[in-house]
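>>> coordinates for the following, if possible.
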Amino acid sequence: MFAGPVTLAVLGVLIVGTSFLSGVFGIAGGMILMGGLIFLMPVPSAMIVHGVTQLAANGWRAVLWWRYVNLGVVLRFAAGSTASLLLFSLLLFVPNRATVLICLGLVPFLAFALPERYAPHALQPGAAEIAGFVGTGLQFVSGVSGPLLDVILIRMPVDRRVIVASKSACQVVAHSMKLVYFGGIVMAGQSTAPAWLLAACACLAVAGTTLARQVLDRITDRQFRTWTKRIVLTIGAVYLLQGLFLALTGPGLAR
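Residues are numbered from 1 along each chain as shown. I've put the predicted structure just below:
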């Protein structure tokens, strides 16, 4: 499953491309990568490969922009994220392909549907903690939580680099929790993805993220916010339709 040259080539292009996209907009890359992985391998393995890849991409992005990371927001996010891990450790829930796709599709629409006047931002009391709890829960169900984080982070009255850097650091926390959940709890003692593949995925993610830095420097805050919303809603619509199709055409395809 992992050794086929065509599969490996597709995976490599997918990782570099999605890491570059996330490096520019701080969003969408993880959604596209997750949607591709669940058709290349079983869901638990896809969650682990996605977690390692996104951990490397977000970690390197946070290093590149470390001066802009809001540490207070990240620590509060981590508190909520830990609580979510404890809850799911009791549930041991593993989604199928249809569930992952439907959740991937719904998340951005639910995130942007919240009226501006009611949407909190991460600097407000309790907002980062809620984002950590709910966002990490979404990681366990759909593999991503970027659109939800954008609702809380993109509304902060700060420079776009603070948003990308702080979100990247929060995503490091969330993807670490996902690896602990699927790799250490759900799949404990079972064979998942080989170590060489995970290492290669991490390196490709760092490469794609590095290529994106110059683009992020050149775009304006207005372009950043406008294209982020357009991209994520378009991808969400595609995944929602795919998930509904799998759910309606039978359990064999949905697994």
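>>> got the buried residues for stretch 39-52?
Neighbour-count burial for stretch 39-52 flags 40-52 (criterion: 16 or more other Cβ atoms under 10 Å). To be clear about C-beta, it is placed using only N, CA and C from the backbone, and glycine gets the same treatment.
>>> let me see the ranges of the helices in this structure.
Taking DSSP state H as the criterion, the chain carries its helices at 5-25, 29-37, 43-64, 71-91, 97-113, 127-142, 146-153, 160-179, 195-218, 221-249, 251-254.
>>> and the angle for the longest one with helix 195-218?
Yep, that's helix 221-249 we're talking about. 140 degrees (axes from the mean of the first three to the mean of the last three Cα atoms, to 10 degrees).
>>> centroid residue for the chain?
residue 144 (3.4 Å; Cα atoms, centre = their mean).
>>> so what's that residue up against?
Counting by Cβ atoms under 8 Å, 6 or more residues apart in numbering, residue 144 touches 30-31, 34, 104, 107, 138.
>>> same thing but 7 Å
Contacts for residue 144 (Cβ atoms under 7 Å, 6 or more residues apart in numbering) come out as 30-31, 34, 104, 138.
>>> residue 207 now?
Here residue 207 is in contact with residue 16 (Cβ under 7 Å, 6+ apart).
>>> buried members of the contacts of residue 144 into PyMOL, please.
Buried members of those can be picked out in PyMOL with the line below, counting by 16+ other Cβ under 10 Å:
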select buried, resi 30+31+34+104+138
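>>> now tabulate the contacts of residue 144 in JSON lines and tack on pLDDT.
JSON lines is the format used below for the contacts of residue 144 (pLDDT from 0 to 100):
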{"residue": "30", "pLDDT": "81"}
{"residue": "31", "pLDDT": "81"}
{"residue": "34", "pLDDT": "88"}
{"residue": "104", "pLDDT": "83"}
{"residue": "138", "pLDDT": "88"}
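>>> pick the one among the contacts of residue 144 closest to residue 155.
residue 138 (18.5 Å; Cβ to Cβ).
>>> related to what we said a few turns ago, what's the closest of the helices of the chain to residue 186?
Judging the helices of the chain by Cβ to Cβ, what sits closest to residue 186 is helix 43-64, at 6.0 Å.
>>> and that closest one with helix 160-179, angle?
Computed by the same axes, to 10 degrees, the angle between helix 43-64 and helix 160-179 is 150 degrees.
>>> if we can go back for a sec, could I get the helices of the chain in TSV, plus columns for distance to residue 186?
Below are the helices of the chain laid out as TSV (distance: least, Cβ to Cβ, whole Å):
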stretch	distance to residue 186
helix 5-25	22
helix 29-37	16
helix 43-64	6
helix 71-91	9
helix 97-113	14
helix 127-142	9
helix 146-153	22
helix 160-179	10
helix 195-218	17
helix 221-249	21
helix 251-254	18
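>>> where among these is average confidence lowest?
If those are sorted by mean pLDDT, helix 251-254 sits at the bottom with a mean of 55.
>>> re earlier: how near is the residue nearest to the centre of the chain to residue 106?
11 Å (Cβ to Cβ, to the nearest Å).
>>> what does residue 163 give?
23 Å.
>>> dump the residue contacts of residue 48.
179, 182-183, 192-193.
>>> and with 8 Å instead?
Contacts of residue 48 (Cβ under 8 Å, 6+ apart): 179, 182-183, 187, 192-193, 198.
>>> who wins for neighbours among those residues?
residue 182 (24 neighbours; other Cβ atoms under 10 Å).
>>> apart from its neighbours in sequence, what residue is nearest that one?
Nearest residue to residue 182 in three dimensions, chain neighbours excluded: residue 47, at 4.4 Å (Cβ to Cβ, 6 or more residues apart in numbering).
>>> just checking, that neighbour touches residue 143?
Yes: with contact defined as Cβ atoms under 8 Å, residue 47 reaches residue 143; the gap is 5.7 Å.
>>> overlap in contacts of those two?
Joint contacts of residue 47 and residue 143 (Cβ under 8 Å, 6+ apart) are residue 178.
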